[in-house]
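Enquirer: Fold the stuff below for me.
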Amino acid sequence: MVKRLALLLALAGAATVGACTLLDDDPPVNTCKINADCFRAQGETCNTTTHKCEQTVDAGVDAP
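Expert: Reported below is the predicted structural model:
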């Protein structure tokens, strides 16, 4: 009885993990049409020629 319950719990856990991986999305693509499509807080701007978000040279916090 205990072995059967342990096997059932193991199978339920494996099924749960398998179902979660099916719902997982890929990371967002780094494409854009306008600057608002990029991570502006990280200093990214949209290169309208290549349609990719690019970091500016002076992006980020200045360290001493």
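
Enquirer: Beyond the lowest-mean-pLDDT helix or strand in the chain, next helix or strand please.
Expert: When each helix and strand of the chain is scored by mean pLDDT, DSSP states H and E, helix 2-23 comes last, with a mean of 74. Moving toward the C-terminus from helix 2-23, the next helix or strand (DSSP states H and E) is strand 44-47.

Enquirer: For the very next helix or strand once past that following strand, enumerate the helices and strands it packs against.
Expert: Counting by DSSP H and E, the next helix or strand C-terminal to strand 44-47 is strand 52-55. Applying 3 or more CB pairs under 8 Å, 6 or more residues apart in numbering; DSSP states H and E, we find strand 52-55 packed against strand 44-47. From N, CA and C alone the C-beta is placed, and that goes for glycine too.

Enquirer: Sheet-wise, list the partners of the strand it packs on with their directions.
Expert: For strand 44-47, the paired strands and their directions (DSSP bridges) are strand 52-55 (antiparallel).

Enquirer: List the buried residues for the strand it pairs with?
Expert: Residues C53 are the ones in strand 52-55 that count as buried (16 or more other CB atoms under 10 Å).

Enquirer: who's in contact with it?
Expert: Around strand 52-55, the neighbours that count as contacts under CB atoms under 8 Å, 6 or more residues apart in numbering are 30-32, 37-39, 42-47.
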